[in-house]
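Asks: What would the 3D arrangement of this be:
(one chain, ligands or ions: 3)
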Amino acid sequence: MERVTAKDLLEKDEPIVMVAAYDAPTAEILDDVADVVLVGDSIGDVRLGYEDTLPVTVEQSLSHTAAVVRGSESAMVVGDMPFASFGVSVEETAENAARYLKEAGAGAVKLETPVDGGVSVETVRRLTELGVPVMGHVGLTPQQVRREGYRVLGRDDDEADAVVRRARELEDAGVFSVVLEAVTEEVGASVTEAVDVPTIGIGAGREVDGQVLVIDDLIGMSENPPSFVKEYADVRGEIRDAVEEYADDVRSGGFPADEHVFGGGGDG
Ligand SMILES: Nc1nc(=O)c2c([nH]1)NC[C@@H]1CN(c3ccc(C(=O)N[C@@H](CCC(=O)O)C(=O)O)cc3)CN21
Ligand SMILES: CC(C)C(=O)C(=O)O
Ligand SMILES: [Mg+2]
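Replies: Ligands and ions are numbered 1, 2, ... in the order given. All right, here's what the predicted structure looks like:
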């Protein structure tokens, strides 16, 4: 089966569905319902118990990206490059980015591109010239958390303009899509208006070309999801209930029952 391509996303006339997920069985569930699976560096705080995304390594990210590729057939898989794995030098950025395609089998990489630097437009251009499909990421860029915490961007005009300008620069550098995180709905609309490539929002309102949420957040697995999240299930509660029942059964002797026990040979 052919995977979703950048061209497919550009030509889509309904909203793009992207989900951040980290492992093969989850990817298998999502594949063919999501257009894009992002292997987010959010794995750091979502699954690995870190405070934020900063400790995530390229090796961890590549390993999980490869798992998501193995678990899926039709979705585009995007590897989210971790903090400081890009932008230090063009050479290192290109080498790391290429690993996502060569070793993990990803279809593209995503790089956080903060409005005030962090990664140059030239770096993004170099990747796209090499043939690495790049997804940009503007607005709230969580890898900058140690600088300014998590906050919604674009509440004043100068900042709103800066986000739009950055998205335009990225488009010019050849990105095939831009993630817009935690910006006002007005900024979401302005960016979507300003660029031809699809915008994919997370806490960016309705006037964008697609939406992305973290799987753990949307299934009710996260303890404190961001306020823009809609929870569609209570998986945390389901897991807790299941394990409590199991524990009760073990303690009462209700598990294992006859059907869970291997019999010996013979006819007794
Ligand atoms: N579970 C999870 N979901 C995410 O979407 C996510 C992560 N983790 N980790 C990496 C980044 C961080 N993200 C975030 C985190 C918080 C807000 C946010 O707006 N938080 C508050 C406002 C800030 C505050 O006062 O704490 C909110 O209103 O939800 C936005 C994006 C998005 N990403
Ligand atoms: C929230 C999305 C856009 C992300 O960057 C991640 O999951 O790491
Ligand atoms: Mg990320």
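
Asks: going forward, measure contacts between C-alpha atoms and count neighbours the same way
Replies: Fine.

Asks: Distance check, residue 123 against residue 70.
Replies: Residue 123 sits 29 Å away from residue 70, going by Cα to Cα, to the nearest Å.

Asks: Of those two, which one has the most company?
Replies: Between residue 123 and residue 70, counted using other Cα atoms under 10 Å, the more crowded position is residue 123 (19 against 16).

Asks: pLDDT score for the more buried one?
Replies: On pLDDT, residue 123 comes in at 94.

Asks: Quick one: residues contacting it.
Replies: Counting by Cα atoms under 8 Å, 6 or more residues apart in numbering, residue 123 touches 87, 90, 93.

Asks: How far off centre is the helix or strand that contains residue 244?
Replies: Element membership for residue 244 (DSSP states H and E) is helix 235-252. Centre-to-centre, helix 235-252 and its host chain are 30 Å apart (Cα atoms, centre = their mean, to the nearest Å).

Asks: That helix near ligand 1 at all?
Replies: No: with Cα under 6 Å from any ligand atom as the measure, helix 235-252 is seen stopping short of ligand 1, the closest distance being 13.2 Å.

Asks: go on, stretch 153-160?
Replies: No: counting by Cα under 6 Å from any ligand atom, ligand 1 is not contacted by stretch 153-160; separation bottoms out at 9.5 Å.

Asks: Now do that stretch: everything it contacts.
Replies: 139-140, 161, 163, 182-184, 187.

Asks: Counting by contacts, list what the lowest-mean-pLDDT helix or strand in the chain packs against.
Replies: Of all helical and strand segments in the chain, the minimum by mean pLDDT, DSSP states H and E falls on helix 145-148, at a mean of 90. The helices and strands touching helix 145-148, judged by 3 or more Cα pairs under 8 Å, 6 or more residues apart in numbering; DSSP states H and E, number zero.

Asks: what sits up against that helix?
Replies: By Cα under 8 Å, 6+ apart, helix 145-148 touches residue 52.

Asks: what element comes up after it heading to the C-terminus?
Replies: helix 157-173.

Asks: buried residues in that next one?
Replies: Of the residues in helix 157-173, 160-171, 173 count as buried by neighbour count, 16 or more other Cα atoms under 10 Å.

Asks: What's the mean pLDDT across it?
Replies: So the average pLDDT for helix 157-173 ends up being 96.

Asks: For ligand 2, what's the nearest residue on the protein?
Replies: Going by Cα to the nearest ligand atom, ligand 2 is nearest to residue 40 of the chain, at 3.3 Å.

Asks: residue contacts, that residue?
Replies: Contacts of residue 40 by Cα under 8 Å, 6+ apart are 20-22, 79-80.

Asks: and what of residue 219?
Replies: With the criterion set at Cα under 8 Å, 6+ apart, residue 219 makes contact with 231-235.

Asks: Residue 160 versus the residue in the stretch 101-250 of the chain that ligand 3 sits nearest to, what's the distance?
Replies: Taking Cα to the ion, ligand 3 has its nearest neighbour within the stretch 101-250 of the chain at residue 142, 6.9 Å off. Counting by Cα to Cα, the separation of residue 142 from residue 160 is 18 Å.

Asks: got it, and residue 29?
Replies: From residue 29 to residue 160 the distance is 37 Å (Cα to Cα).

Asks: pLDDT below threshold where in the protein?
Replies: Counting by pLDDT under 70, the chain shows low-confidence ranges at 1, 118, 266-268.
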